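A.B. asks: Pasting the sequence and the predicted coordinates here, then a few questions.
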Amino acid sequence: MRSAIFAGTARHPRLVLGGAVGVAAGLVGVQLLLAPDSDIRHAIPMLLSLLGLASAVLTLAAWLRARPAAFAVDPRTPAFRTLPWPGHVYNATSAAFMSATQVAFQLILPGADQDPAFDNPAWHLRESILIAMCVLLVALSIMLILAAWRNVGVQLRPDGLVDRNPLGTLTVPWGALATHSVPQPRSATTSLLLTYARPDLVRRRGIPFGRRIRTDAVNALFLADAIHHYLVNPQHRQAIGTQAEYEDLLSTLFRRRPV
């Protein structure tokens with residue numbers, strides 16, 4: 001059952017993400033239309049929080065699963081890219097539901113203009129803090145949703161590797177890396193620390209994770225071996241993004257060492 005859920009999310013990440021965002025926004029919209037004393041109106045924040053908790057559990061389950069030793073072939077870019085990872089989608093849906101929960105709670109809190117008992121500086125300060133937290137949570141959820149929508153991850157390209165994370169993009173040309181720039185990691189590690197031979201060639205946009213590239217969507221040992229393969233075999237780089245080259249890469253890597 002759980003494997004089927006993960007597989008379905010990996011095949012249709014935008015459908016799952018869009019559906020979750022639609023449900024969260026729809027429930028908040030229903031709450032706005034209901035009468036202030038409606039029991040359903042007060043139950044909606046609890047329903048949203050339960051949906052957020054379910055998404056958080058799926059995120060944790062995705063983190064505990066083994067990462068795939070595989071790429072998706074993208075001939076249009078061209079590139080070998082990491083497969084869509086369900087954890088990114090569940091993380092974004094969890095943030096969407098939790099931010100909607102915060103908004104829903106704000107809608108049912110009594111205000112100073114509704115009850116004189118709340119017309120005091122302490123209440124106004126608390127209300128301002130809650131509103132600020134709500135705005136920050138909504139902004140964070142939007143960032144995670146956009147990141148999951150555009151499928152963040154690592155790409156191997158003919159001219160180098162690209163790591164796209166929710167905060168920015170790191171582009172590392174092959175010429176910026178030495179032959180032994182990539183360490184030999186454990187297969188379950190979540191990042192690789194690169195050693196640059198030519199740091200002046202590296203390009204950053206936004207706030208990438210320094211010299212680390214994320215491996216939460218791919219087997220780290222498999223990725224490290226693939227990068228090393230193209231560092232020591234530059235004649236194969238121009239074929240990256242083709243199915244024939246991908247099959248040759250898999251044959252070489254799995255013949256050398258099972259991942």
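C.D. replies: Everything's here; your move. Numbers count the residues shown, from 1 in each chain.

A.B. asks: burial of A148, as a residue count?
C.D. replies: Using other C-beta atoms under 10 Å, A148 is surrounded by 26 other residues. C-beta coordinates here come from the backbone N, C-alpha and C atoms, glycine included.

A.B. asks: Okay, now the unreliable bits of this structure?
C.D. replies: 1-2, 109-124, 187-188, 208-210, 256-259 (pLDDT under 70).

A.B. asks: quick one: L192 is in a helix?
C.D. replies: No - secondary structure of L192 (DSSP: H, G, I helix; E, B strand; the rest coil): strand, not part of a helix.

A.B. asks: Contacts only, for it.
C.D. replies: By C-beta atoms under 8 Å, 6 or more residues apart in numbering, L192 lies in contact with V182, P183, P185, R212, I213, T215, A220, L223, A224, I227.

A.B. asks: before we move on, what about D248?
C.D. replies: D248 makes contact with H236, A239, according to C-beta under 8 Å, 6+ apart.

A.B. asks: Need the three-state assignment for it.
C.D. replies: Here D248 takes the helix state, with states given by three-state DSSP.

A.B. asks: The contacts of L192 in strands, which ones?
C.D. replies: R212, I213 (DSSP state E).

A.B. asks: V89: which of the contacts of L192 is nearest?
C.D. replies: T215 (17.6 Å; C-beta to C-beta).

A.B. asks: Need the phi and psi values for that closest one.
C.D. replies: Per-residue torsions, T215: phi -130, psi 30 (degrees, to the nearest 10).

A.B. asks: doesn't D163 make contact with it?
C.D. replies: No - T215 is not in contact with D163 according to C-beta atoms under 8 Å; the separation is 9.5 Å.

A.B. asks: Give the residues shared as contacts by the two.
C.D. replies: Common neighbours of T215 and D163 (C-beta under 8 Å, 6+ apart) are V154.

A.B. asks: My understanding was that H229 contacts L249; is that so?
C.D. replies: Yes - with contacts counted by C-beta under 8 Å, H229 reaches L249, the gap being 6.6 Å.
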